[in-house]
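Q: Curious how this folds, go ahead:
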Amino acid sequence: MSVLFPKTNKPREWDYRPIYYDKDKEARKDRRLARLHHGAFREEHEKNMTELRKKKESKLVFWLVLLGLLIFGFYVIL
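A: Numbering: from 1, shown residues only. Predicted coordinates for the structure are as follows:
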């Protein structure tokens, strides 16, 4: 400790940042909190899995139709 210049702590500065009301931000926050209810992750997973199943089925139908058209085209040509 110094005898000539004793150390004194500076007083805490007052850092005031006003909080303004943002209607859009509050709406986003409410929507996010509404989504996070009990079982939400399971519901989201099931929804994603049904969407993936539908995509697979639509791809399968597309490829079957394309294969049928190719077979028909080869039949007509030969």
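Q: got any ranges where the chain has weak pLDDT?
A: Residues of the chain meeting the criterion pLDDT under 70: 1-3.
Q: mind redoing it with 50?
A: In the predicted model of the chain, no residue satisfies pLDDT under 50.
Q: quick check: longest helix of it.
A: In the chain, with assignment by DSSP state H, the single longest helix is helix 40-77.
Q: Distance from that helix to the middle of the chain?
A: 25 Å (CA atoms, centre = their mean, to the nearest Å).
Q: Look at Pro11 and give its secondary structure.
A: coil (DSSP: H, G, I helix; E, B strand; the rest coil).
Q: from here on, count from 105
A: All right, first residue 105 from here; so that's Pro115.
Q: Relative to Phe109, how far out is it?
A: 18 Å (CB to CB, to the nearest Å). For every residue, glycine as well, the C-beta is placed using N, CA and C.
Q: now swap in Ala131 and tell me
A: 56 Å.
Q: what's the answer for Phe145, then?
A: Phe145 is 61 Å from Phe109, by CB to CB.
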